[in-house]
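In: All I have is the shape, not the residue letters:
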Ligand SMILES: Nc1ncnc2c1ncn2[C@@H]1O[C@H](COP(=O)(O)OP(=O)(O)OP(=O)(O)O)[C@@H](O)[C@H]1O
């Protein structure tokens, strides 16, 4: 399958007597180059900023996100640094050097300090950041701006940020306001917990993400999702009896979603709003045939914003606004390990790894989903228009 190739030129901002445009080239969701263009103008622009003097400005570049950084697609060096310097906006640049860099950075933040953090990354980086923040009574504030340079970029696209240029443009033109970030926690039987902000899933979606990590699929291009999906529909046990928020059903696809989009063009939960503390259960019944299930899943590419999904016995689409339990009505004795696979914001886990020490035949089947009204020693916000 060929990936879309596109080249665009976007207005970035006006500073002083110059207008700035960014030309970029993309293959699929990955940027191959940026080029900053300056055009002299007679109208002198004034700038208004939303970063106050007592807020520390940081650019965090997760350099392995998306296609990874090269000389030609280094968004910070090519686009951000010249503008931040011209505006005399002093800032620190943090570039990741290892898989632990994001976590170490989050842990190093001073709870007394307020930060504006411009994050060049995809979703996993932001998930790692949230999950590593220091805990305690809230004091400082963190306001994030996601500059989408990852693969999926579910969060940024759900916030209306279709490119890093759009996000930086909104920021430079003072068009953003800090808004509270809705966060949720999945608490497992052994007490281990994961904070999530996009999706928690079991069944087909979790199986697909897990399968795509296998070497035989990982080495394929974007077609790996199609090939792996076909294998899962044909070979996996997709009959998961789950009780969630009081409803018991047998699901092939079970997802609890906070954002409308999971990719820029894929909107499986059109009624979700990334800025509202509300989860939606999107479930497709195991009674559907493989082709009907696939059609429902692919419908996410055609859904329109704020559209209600048609529901019936085979399609559940339900809003949830308070804590609830997810209970698996099957046990490891009579079910394959794949029925316990869980995806939290694109990262795959297995419920069987989160069991407390058990006696033979004993199984804890309960996951508590908590709405977080306060999390970490920071007030967490996102710059949004
Ligand atoms: N220098 C590095 N060395 C090793 N790992 C890195 C480095 N920099 C970043 N990473 C890791 O790479 C991953 C990048 O994930 P990120 O979500 O930002 O991009 P993505 O996976 O392409 O996008 P998405 O999650 O939106 O599909 C994170 O796990 C991050 O910790």
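Out: In hand now; what should we look at? It should be emphasised that the depicted structure is a prediction, and the values quoted were computed from it without experimental measurement.
In: got the contact list for the residue of the stretch 101-250 of the chain found nearest the ligand?
Out: Relative to the ligand, the nearest point of the stretch 101-250 of the chain is residue 122 (2.1 Å; Cβ to the nearest ligand atom). Placement of C-beta: from N, CA and C, glycine included. By Cβ atoms under 8 Å, 6 or more residues apart in numbering, the contact list for residue 122 reads 62, 65, 66, 148, 149, 150, 151, 152, 153.
In: ok, which of the residues you listed also contact the ligand?
Out: With the criterion set as Cβ under 6 Å from any ligand atom, the members of those near the ligand are 62, 65, 66, 150, 151, 152, 153.
In: Which two of those residues have the greatest separation?
Out: 62 and 152 (13.4 Å; Cβ to Cβ).
In: what about these two, which has more around it?
Out: Legend: neighbour count by other Cβ atoms under 10 Å for residue 62 and residue 152, higher for residue 62 (25 against 21).
In: about what we covered before: could I get the ones next to the ligand among the contacts of residue 122 in a markdown table, plus columns for secondary structure, pLDDT and distance to residue 230?
Out: Formatted as a markdown table, these follow (DSSP: H, G, I helix; E, B strand; the rest coil; pLDDT from 0 to 100; distance: Cβ to Cβ, whole Å):
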| residue | secondary structure | pLDDT | distance to residue 230 |
| --- | --- | --- | --- |
| 62 | coil | 98 | 32 |
| 65 | coil | 93 | 28 |
| 66 | coil | 89 | 26 |
| 150 | coil | 92 | 26 |
| 151 | coil | 88 | 21 |
| 152 | coil | 87 | 21 |
| 153 | coil | 93 | 25 |
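In: Most neighbours among those, which one?
Out: Most surrounded of those: other Cβ under 10 Å gives residue 153, at 28 neighbours.
In: Need the phi and psi values for the nearest residue to that residue once chain neighbours are set aside.
Out: Nearest residue to residue 153, sequence neighbours excluded (Cβ to Cβ, 6 or more residues apart in numbering): residue 122, at 5.5 Å. The phi/psi pair for residue 122 (degrees, to the nearest 10) reads phi -110, psi -160.
In: The residue sitting nearest the centre point of the chain and residue 340: what is the separation?
Out: Centroid-nearest residue in the chain, with Cα atoms, centre = their mean: residue 123, separated by 3.6 Å. Noted for residue 123: a distance of 23 Å to residue 340, by Cβ to Cβ, to the nearest Å.
In: which residues touch stretch 210-228?
Out: In contact with stretch 210-228 (Cβ under 8 Å, 6+ apart) are residues 1, 3, 28, 208, 231, 232, 338, 341, 343, 348.
In: average pLDDT across that stretch?
Out: Here stretch 210-228 scores 79 as its mean pLDDT.
In: again, but for stretch 270-279
Out: pLDDT averaged over stretch 270-279 gives 97.
In: Now, of the contacts of stretch 210-228, which are buried?
Out: 28, 208, 231, 232, 338, 341, 343, 348 (16 or more other Cβ atoms under 10 Å).
In: Secondary structure of the second one: a helix, I assume?
Out: Meaning residue 208. Yes. Assessed by DSSP: H, G, I helix; E, B strand; the rest coil, residue 208 belongs to a helix.
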